[in-house]
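How does the following fold in three dimensions:
(4 chains)
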Number of protein chains: 2
Amino acid sequence: MSRMHNPAHPGEVLREWIPEGMTVSQAAGQLGVSRVTLSKILNGKSGITADMALRLAAWLNTSAEVWADMQTQWEIWQAEQNPRPVIRPLKLAA
Amino acid sequence: MSRMHNPAHPGEVLREWIPEGMTVSQAAGQLGVSRVTLSKILNGKSGITADMALRLAAWLNTSAEVWADMQTQWEIWQAEQNPRPVIRPLKLAA
DNA sequence: GCCAATTGCAAATCGTTAATTTACACGCTA
DNA sequence: TAGCGTGTAAATTAACGATTTGCAATTGGC
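Just a heads-up that it's a prediction; the model follows:
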């Protein structure tokens, strides 16, 4: 069903992957996005798009899915917080 | 890295979950969305949002992640088709 | 053949979000 | 003090998703 706890925003996790000395501006430069764009992600003001997931994958040598899936978890959790109409489970034919 | 083949659009998969006799209109009704909205998804004209993933989960008794992840795979594949600037892999400190 | 149901789709509208550039204020430090 | 790095706001532009309305094509029953 649902994850009981608020999953970490991908931006928080991404922060841990940025080397000590590197500035946000430098990281943004290497990723080919504006400083504002990366800053917003790191501070949870923006999500990670498929395009960004691919950039992170190339930059950090990870899979794009890791980042995209993290974003998905976040979005589902957010969506769960909102009310939704009652949906009757479909009776599947046996 | 990348999935070699164009992943199935979530809508195609969703089609298989709708019972034989049930109409798109009926399914949309049970999901609490408009007929147009569901039709677009089934025909690959729209993606599956986190909210829709939750509706499908409730309706089909599956996890929301199944649908959301399917959507993610689709989006990543789509994004891969577009050109992206060269991104030099970050040399991680050992 | 005729009619109603179903469906795909287009168009218009509305709301949300990502990304950019520009700009400003704050904090740190050489 | 001057400069750098940063967070963030504002204004723009571009995508999407969702809705309603309406229309055309198909299909099945009578």
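
In what element of secondary structure is A:Trp59 found?
helix A:50-60 (DSSP states H and E).

Buried residues, the helix or strand following that helix. List them.
Going down the chain from helix A:50-60, the next helix or strand is helix A:64-81, by DSSP H and E. By 16 or more other C-beta atoms under 10 Å in any protein chain shown, the buried positions in helix A:64-81 come out as A:64-65, A:67-77, A:79. For glycine as for every other residue, the C-beta is placed from the backbone atoms N, C-alpha and C.

cool, stretch A:81-94 as well?
A:87, A:90.

right, is it up against DNA strand D?
No: judged by C-beta under 7 Å from any atom of the strand, stretch A:81-94 stays clear of DNA strand D, getting no closer than 9.5 Å.

in what helix or strand does A:Gly11 lie?
Using DSSP H and E, A:Gly11 falls in helix A:10-17.

what sits up against that helix?
Helix A:10-17 is contacted from outside by A:41-44, A:46-48, A:56, A:60, A:67, A:70-71, A:74, using C-beta atoms under 8 Å, 6 or more residues apart in numbering or on different chains.

ok so, going back, quick one: distance of the helix holding A:Trp59 to the chain centre.
11 Å (C-alpha atoms, centre = their mean, to the nearest Å).

buried stuff in that helix?
Buried residues in helix A:50-60 (16+ other C-beta under 10 Å): A:50-60.
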